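A.B. asks: Kindly return the folded structure for what I paste below:
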Amino acid sequence: MKTNPEIAGRLTEDGHRLDVRVYFEDTDFSGVVYHARYLHFLERGRSDFLRLKGIGHRELMSGDFGAPMAFAVRRMEIEFLRPARIDDVLTVMTRTRQLGGARILLDQQILRGEDLLIEANVKVAVISPEGKPMRMPARVLEVLAPETDL
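C.D. replies: From the prediction side, this is the model:
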């Protein structure tokens, strides 16, 4: 899997950082980011975090890490603290909080400079291609282990 690090953000000491720009398509009539668009930004952060860790969605589904598998968001809590606006450059921060046999808990934030705009807690389930829960392969657990204690 080839990764363009300029597009995929960068790994940090405790997770991942991805910069995204707010475009017209992300906003409502007033130029403020529509609330559902934050889900897109958060998804990009999670996907690029995995990609830079060497875990691509195609490789997961093809069974490169053991049995074919996928990740599915099971639960998400989002706190909207401040709005973003058209042309803002936002930073999506993603880090692993906890790993289990069949789930991952992630903490995500969206910032504009130093201003915290969004906080999200995400529970991701490991599923088979048929959508059934399954245990995470040891290799994936090792790669996703938190870098630092929280």
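A.B. asks: neighbouring contacts of stretch 59-76?
C.D. replies: With CB atoms under 8 Å, 6 or more residues apart in numbering as the test, stretch 59-76 has contacts from 1, 39, 42, 50, 55, 57, 103-104, 120-129, 131, 134, 136-137, 139-140. Where C-beta positions appear, they are placed from N, C-alpha and C, glycine not excepted.
A.B. asks: again, 6 Å this time
C.D. replies: 122, 123, 124, 125, 126, 127, 129, 137, 139, 140 (CB atoms under 6 Å, 6 or more residues apart in numbering).
A.B. asks: And the first one, how close does it get to residue 31?
C.D. replies: Spatial separation of residue 122 from residue 31 under the definition CB to CB, to the nearest Å is 27 Å.
A.B. asks: Turn the contacts of stretch 59-76 into TSV, columns for secondary structure, distance to residue 86 and neighbour count.
C.D. replies: Listed next are these as TSV, based on DSSP: H, G, I helix; E, B strand; the rest coil; distance: CB to CB, whole Å; neighbours: other CB atoms under 10 Å:
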residue	secondary structure	distance to residue 86	neighbour count
122	strand	26	21
123	strand	31	17
124	strand	30	22
125	strand	35	18
126	strand	37	23
127	strand	36	16
129	coil	39	13
137	coil	42	17
139	helix	42	13
140	helix	38	22
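A.B. asks: Would you mind putting the residues you listed into a markdown table with distance to residue 16 alongside?
C.D. replies: Converted to a markdown table, the contacts of stretch 59-76 look like this (distance: CB to CB, whole Å):
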| residue | distance to residue 16 |
| --- | --- |
| 122 | 13 |
| 123 | 18 |
| 124 | 14 |
| 125 | 20 |
| 126 | 19 |
| 127 | 22 |
| 129 | 26 |
| 137 | 21 |
| 139 | 19 |
| 140 | 16 |
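A.B. asks: Please point out which parts of the helix or strand where residue 78 lies sit buried.
C.D. replies: Per DSSP states H and E: residue 78 is located in strand 70-80. Across strand 70-80, burial judged by 16 or more other CB atoms under 10 Å covers 71, 78.
A.B. asks: Send over it as PDB, restricted to the C-alpha atoms.
C.D. replies: C-alpha atoms of strand 70-80 as PDB (Å, rounded to 0.1, in the frame of the first residue of the first chain):
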ATOM      1  CA  ALA A  70     -13.400  -4.500   8.800                       C
ATOM      2  CA  PHE A  71     -14.000  -1.700  11.400                       C
ATOM      3  CA  ALA A  72     -17.400  -0.300  12.000                       C
ATOM      4  CA  VAL A  73     -18.300   2.700  14.200                       C
ATOM      5  CA  ARG A  74     -20.600   1.300  16.900                       C
ATOM      6  CA  ARG A  75     -21.100   4.400  19.000                       C
ATOM      7  CA  MET A  76     -20.000   8.000  18.900                       C
ATOM      8  CA  GLU A  77     -20.400  10.800  21.300                       C
ATOM      9  CA  ILE A  78     -19.700  14.300  19.900                       C
ATOM     10  CA  GLU A  79     -19.600  17.600  21.800                       C
ATOM     11  CA  PHE A  80     -19.900  20.600  19.500                       C
END
